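S.K.: Pasting the sequence and the predicted coordinates here, then a few questions.
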Amino acid sequence: METIGKIFTYVKYGFFALVAVAIGLSFFADDTPKIDLAQVLDRTDLALKSFQGHMSGSGAKEATKEDMAKLPAIMQQVMNKQPTFYSKPIGVKLLKDASFEGFTDENQNNIKDDSDSKLFKVEIDLRVTG
């Protein structure tokens, strides 16, 4: 009977510790709603295909800096197309390492302002096989 009492005590204190941790995590968590990463990846794929179509249509064999400067606007347009999958407008910024950062973009200027929150980062690794 003593063993059952010890187990009950551990369970009771363990439950209270779990509740305390959950409250602590919710207190320190930001209030930015979570984003559907599957939608981000699907739309990134659509944006890259659109960009590829733009490049093919221009006859270019390589993307210039001017071409790459157009990519965030294409990504922003695709991320915000109907039906939307996030409660706020999404902006997209091309980073120096060629990854993309998505952020809330309340004023829809595709510039990350101090009031905008980071939503996701997409890194694309290319592997050539064959």
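M.R.: That came in fine, so what should we check first?
S.K.: quick one: contacts of the helix or strand containing F103?
M.R.: Secondary structure from DSSP states H and E places F103 in strand 100-104. Residues outside strand 100-104 that contact it (C-beta atoms under 8 Å, 6 or more residues apart in numbering): 32, 35, 40, 44, 72, 75, 79, 88-95, 112, 116-122. Glycine gets a C-beta too; all of them are placed from N, C-alpha and C.
S.K.: Return the subset of those residues lying in strands.
M.R.: Counting by DSSP state E, the contacts of strand 100-104 place 90-94, 118-122 in strands.
S.K.: Among the contacts of strand 100-104, name the buried ones.
M.R.: Among those, those buried by neighbour count (16 or more other C-beta atoms under 10 Å) are 35, 40, 44, 72, 75, 79, 88-93, 112, 116, 119-120, 122.
S.K.: In the protein, what residue spans correspond to helices?
M.R.: Applying DSSP state H to the chain gives helices spanning 2-28, 37-58, 65-79.
S.K.: For those helices, which has the smallest mean pLDDT value?
M.R.: Out of these, helix 2-28 stands lowest, with a mean of 39 (criterion: mean pLDDT).
S.K.: and the chain, what are its domains?
M.R.: For the chain, automatic domain parsing gives the domain ranges 1-30, 37-122.
S.K.: Of these, flag the one that's most buried.
M.R.: Mean neighbours per residue, mean count of other C-beta atoms under 10 Å, is largest over those for domain 37-122, with a mean of 15.
S.K.: what's the span of that domain from first residue to last?
M.R.: 10 Å (C-alpha to C-alpha, to the nearest Å).
S.K.: starting at the chain centroid, how far to it?
M.R.: On the basis of C-alpha atoms, centre = their mean, to the nearest Å, domain 37-122 sits 11 Å off its chain's mean C-alpha point.
S.K.: how far away is T104 from D114?
M.R.: Note on T104: its distance to D114, by C-beta to C-beta, to the nearest Å, is 12 Å.
S.K.: try F51
M.R.: From F51 over to D114 (counting by C-beta to C-beta), the distance is 29 Å.
S.K.: Ok, G91 next?
M.R.: G91 is 13 Å from D114, where distance means C-beta to C-beta.
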